[in-house]
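*Asks:* 3D model of this:
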Amino acid sequence: MDKKALRHTIIYESEEKLETSWIANNSISHEFSDGKGIILLKGSVTKIGDMAFDDCAMTSIIIPPVVTRIGEAAFRWCQKLVYVLIPDSVTEICDQAFIYCPRLKFVKIPETVTRIGNYAFCNCTRLASVNIPPKITKIGNYTFFGCAFTSIDIPKAVTSIGHNAFGMCSNLTSLLIPDSVKQIYGCAFEYCSSLEDVTLSESLKRIPYEMFLECNNLISIDIPDSVKIIGDGAFAGCSRMGAVTFGKSVTKIGTEAFLDCSGLFLFELPDSVTQIGGNAFDGCSMLPRKANEKILAINKNAMQG
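*Replies:* Okay, here's the model as predicted:
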């Protein structure tokens, strides 16, 4: 096969072979039966279609450098997929593109990608590292939920992190959220049980509900001065957390915000706090050393335990 033909070829390893294929809207889709093989794309094909390789038995795939879009659920439930090479031509990885690929260990995302969809790599439980391209501005809901990486480099272009985006990443040990991030949605890092060190963005106005729920190896946290609200259950179950430094702008501490932080021994509420939710510090080993006389609402069991 000459180089020109190879440029338009998807190369895959699989226990299946191509049975049928069709092209619609410059996108290729197909079904498989037995064996290994290659798929020769027509010159007009620039997309891997929605659900194109859904539930296929391939172990690796090399995508040719003419493809610009990987469609929704394109490789969903490819339970034997280990290796993916994405070319520089790709600009978009759509929702659920690689969801439930439990053996996926290696994927390189090129810098040309400007969008990674919701659930794109959700439950890729062996994916130990991932590079987020520098042009990404939003990390979607459940995008990397349940992945196996120990660290993550969030680009400075990112302004928001979606619901449960990194939830259940149980091997993640450290986290630096750049100051470009202005909004984080609930449960973004819940059950990251190995997480020890966190640096928060200085642009955050709110720490959302259950953001660090059950991150039981988190040692301490510094709340930036920009933060006004600490959401319900934000640090609940962070049992090893010994110290919290509150920023000077915090006005509200939500319900169960620090529930069962049994190792907590050092913190001081700033004068800005006016509301503490129910059971906010229930189960903590030590109440605040200093309370603000201006606190207007301390709900039931806020300081219990």
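*Asks:* Could you find the closest non-adjacent residue to residue 125?
*Replies:* With sequence-adjacent residues excluded and distances taken as C-beta to C-beta, 6 or more residues apart in numbering, residue 125 is closest to residue 102, at 5.1 Å. All C-beta spots, glycine's among them, are computed from the backbone N, C-alpha and C.
*Asks:* Can you give me the pLDDT of the one you found?
*Replies:* For residue 102, the pLDDT comes out at 97.
*Asks:* Flag the shaky bits of the chain, pLDDT-wise.
*Replies:* Along the chain, segments meeting pLDDT under 70 span 1-6, 14-38, 40-43, 285-305.
*Asks:* can you do 80?
*Replies:* Residues of the chain meeting the criterion pLDDT under 80: 1-45, 285-305.
*Asks:* tell me the domain boundaries of it?
*Replies:* 1-136, 147-305 (automatic domain parsing).
*Asks:* isn't residue 167 right next to residue 186, touching?
*Replies:* No. At 9.7 Å, residue 167 and residue 186 do not qualify as touching, with contact defined as C-beta atoms under 8 Å.
*Asks:* who's more crowded, those two?
*Replies:* residue 167 (24 against 19; other C-beta atoms under 10 Å).
*Asks:* Now do the SS call for the more buried one.
*Replies:* coil (DSSP: H, G, I helix; E, B strand; the rest coil).
*Asks:* show me what contacts it?
*Replies:* 142, 145, 146, 187, 188, 189, 190, 191, 192 (C-beta atoms under 8 Å, 6 or more residues apart in numbering).
*Asks:* Reformat those as TSV; add neighbour count and distance to residue 107.
*Replies:* What follows is the contacts of residue 167, written out as TSV (neighbours: other C-beta atoms under 10 Å; distance: C-beta to C-beta, whole Å):
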residue	neighbour count	distance to residue 107
142	24	17
145	27	15
146	21	15
187	24	24
188	26	21
189	24	21
190	25	24
191	21	23
192	25	20
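*Asks:* now the residues you listed as JSON lines including distance to residue 266?
*Replies:* Formatted as JSON lines, the contacts of residue 167 follow (distance: C-beta to C-beta, whole Å):
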{"residue": "142", "distance to residue 266": "34"}
{"residue": "145", "distance to residue 266": "32"}
{"residue": "146", "distance to residue 266": "33"}
{"residue": "187", "distance to residue 266": "26"}
{"residue": "188", "distance to residue 266": "25"}
{"residue": "189", "distance to residue 266": "22"}
{"residue": "190", "distance to residue 266": "24"}
{"residue": "191", "distance to residue 266": "25"}
{"residue": "192", "distance to residue 266": "23"}
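*Asks:* now, among these, which is nearest to residue 91?
*Replies:* residue 142 (21.4 Å; C-beta to C-beta).
*Asks:* The closest one is in contact with residue 119, isn't it?
*Replies:* Yes. The criterion here is C-beta under 8 Å, and residue 142 meets it with residue 119 at 4.7 Å.
*Asks:* Distance of the residue nearest to residue 125 relative to residue 214?
*Replies:* Separation of residue 102 from residue 214 (C-beta to C-beta, to the nearest Å): 22 Å.
*Asks:* That concludes my questions; thank you for your assistance.
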